[in-house]
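Q: Got a predicted structure here, sequence first:
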Amino acid sequence: MVIDCGASTVKMGWAEESLINPTRIAPNFVTRGKGAQNKLVAEQIESCRDYTGIFMKRPYDKGYLLNWQLQKQIWRLPEMYKEIGKKFNPSETNLLLTEPLFNPDSLRKNMYEVIFEDYGFKSLCNCTSPMLSLYDYQTNHPHVASNPCALVIDSGYSFTHVVPFFDNVKLTYAIKRINVGGKLLTNYLKEVVSYRQWNMTQETYLMNIIKEKLCYVPLNFLKDLEITKLKGDKNNIKRRYVLPDNITNTTGYIKDLEPKPSSYNLLGGNSGPLEEQILTMNSERLIPEVLFNPSDIGIDQAGIAETIVQSVSSTSPDIHELLYSNILLTGGNTLFPGFKERLEIELRQLVPTEYKINVHLPKDPILTAYRGGSKFAQAACYSNYALSKEQYEEYGQSEERFLLCSTTFNNI
């Protein structure tokens, strides 16, 4: 079994040659719909008819898995077995599970206890998402694998990491982190919209949907900002978003660009014309600029391009050119339109002209870690990186066990 457990979504499935994609992709939170008596777990939120003011409780906090009781509810492992006609028997199943970079030993200890003592899995292989994303891309592009160096940019829900690799081993001393992720961008968009237009401070779920539909990375921020000040047809950035009325639609739509929902009443029967509540997205669409200039909102850190240069500069000068020539993007934020192009423009201004810059954006950067894990679990060397339940029981809670596990997993 392969589980790519991120703070935003969880991807789960089985490591088989015929299964490239996960069998289950679900949001990693538990919530309760407005007026609902029962809580909604993960993808059950799709059955909610009113997203107004819902509060999402996540097992992750600040990028690390802290609430295992909640995470086990979201995984719903017995149902995963049932879907493929198997009896829930983890003792016969090997598990590959992703973990955050720099995961503290105290949190790893909790993870081992859950995996081996609560569930009783046969073995565990714990890998970081950047490593698996790189493994997936190398297997799909053999010419890239010939380069011993790679630089993975993982921009996800909580953070953005720059991770250099040499000979498929991450250079831990050169890893850099930016405290900007999808969560911060959504919260900042909420604040801006609430200050200028509608009060959306309690509408995190809805604002995240609007962010993913309308926000983009400007290639020239100052130029686009000037365009947002224009009126009429001269402003090609402004968009109008129809907010949900919870009668004909529950998440809203982009006016004049997306099909208008039918007038059928979600609660039953036909509904007449309703007054539309319009959210105007103008300069608000440029929110992802924070990824490249965190100082714009008071975060004392460099942007992605500068952080990449800092990370590469921390490595041996002999591999600088190789790292710049093999940059891989992964994580949900890389899906913003213009992200790859903006990064290439900024790097070209910072990197010596004799160095070639190649930035690779997979077709679906959110699933690259899972696909890499699925392929790695089928590799001949997989067992060398897995910790068996027998090994766990032999070392128990001793310091020697943590030394064994840390030595093994920190190299993945």
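A: Nice, I can see it.
Q: mean confidence score for whichever strand or helix holds Tyr137?
A: Using DSSP states H and E, Tyr137 sits in helix 129-140. Averaged across helix 129-140, pLDDT comes to 91.
Q: just checking, what packs against it?
A: Helix 129-140 sits against helix 142-145, strand 149-155, strand 160-166, strand 327-330, helix 368-377, with contacts defined as 3 or more Cβ pairs under 8 Å, 6 or more residues apart in numbering; DSSP states H and E. C-beta: built from backbone N, CA, C; applies to glycine.
Q: what about the helices in the stretch 201-350 of the chain?
A: If DSSP state H, counting those that start in this stretch is used as the criterion, the helices of the stretch 201-350 of the chain fall at 204-214, 221-227, 304-313, 320-324, 339-350.
Q: Export those as JSON lines, with columns for distance to Lys87.
A: JSON lines is the format used below for the helices of the stretch 201-350 of the chain (distance: least, Cβ to Cβ, whole Å):
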{"stretch": "helix 204-214", "distance to Lys87": "36"}
{"stretch": "helix 221-227", "distance to Lys87": "56"}
{"stretch": "helix 304-313", "distance to Lys87": "47"}
{"stretch": "helix 320-324", "distance to Lys87": "48"}
{"stretch": "helix 339-350", "distance to Lys87": "44"}
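Q: Throw those helices into JSON lines and include mean neighbour count, thanks.
A: Putting the helices of the stretch 201-350 of the chain into JSON lines (neighbours: other Cβ atoms under 10 Å) gives the following:
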{"stretch": "helix 204-214", "mean neighbour count": "20"}
{"stretch": "helix 221-227", "mean neighbour count": "13"}
{"stretch": "helix 304-313", "mean neighbour count": "20"}
{"stretch": "helix 320-324", "mean neighbour count": "20"}
{"stretch": "helix 339-350", "mean neighbour count": "17"}
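Q: Dump those into CSV; add mean pLDDT and distance to Met12 as well.
A: Below are the helices of the stretch 201-350 of the chain laid out as CSV (pLDDT from 0 to 100; distance: least, Cβ to Cβ, whole Å):
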stretch, mean pLDDT, distance to Met12
helix 204-214, 91, 22
helix 221-227, 92, 38
helix 304-313, 95, 29
helix 320-324, 94, 33
helix 339-350, 95, 27
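Q: Select, out of those, the one closest to Gly182.
A: When these are compared by Cβ to Cβ, helix 204-214 sits nearest Gly182, at 7.6 Å.
Q: counting contacts, what elements does that closest one pack onto?
A: So helix 204-214, by 3+ Cβ pairs under 8 Å, 6+ apart, packs with helix 182-196, strand 239-242, strand 278-281.
Q: Please save the CA atoms from that helix in CSV.
A: The C-alpha trace of helix 204-214 is given here as CSV (Å, rounded to 0.1, in the frame of the first residue of the first chain):
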residue,chain,number,x,y,z
THR,A,204,-11.9,29.4,4.0
TYR,A,205,-13.2,26.5,1.9
LEU,A,206,-14.9,28.8,-0.6
MET,A,207,-12.0,31.2,-0.9
ASN,A,208,-9.6,28.3,-1.6
ILE,A,209,-11.8,27.3,-4.5
ILE,A,210,-11.8,30.9,-5.8
LYS,A,211,-8.1,31.1,-5.4
GLU,A,212,-7.5,27.9,-7.5
LYS,A,213,-9.9,29.1,-10.2
LEU,A,214,-8.8,32.7,-10.6
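Q: change the start of the numbering to 41 and stick with it
A: Shifting the count to begin at 41 puts that one at helix 244-254.
Q: That helix relative to helix 222-236, how many degrees between them?
A: Orientation check (axes from the mean of the first three to the mean of the last three Cα atoms, to 10 degrees): helix 244-254 against helix 222-236 gives 100 degrees.
Q: What separation do you get for the closest residue to Asn78 other than its chain neighbours and Gln109?
A: Nearest residue to Asn78, sequence neighbours excluded (Cβ to Cβ, 6 or more residues apart in numbering): Arg72, at 7.5 Å. Separation of Arg72 from Gln109 (Cβ to Cβ, to the nearest Å): 17 Å.
Q: So if I had to pick from the two, which one is more boxed in?
A: Neighbours of Arg72 and Gln109, each counted by other Cβ atoms under 10 Å, are more numerous for Arg72; the result is 16 against 9.
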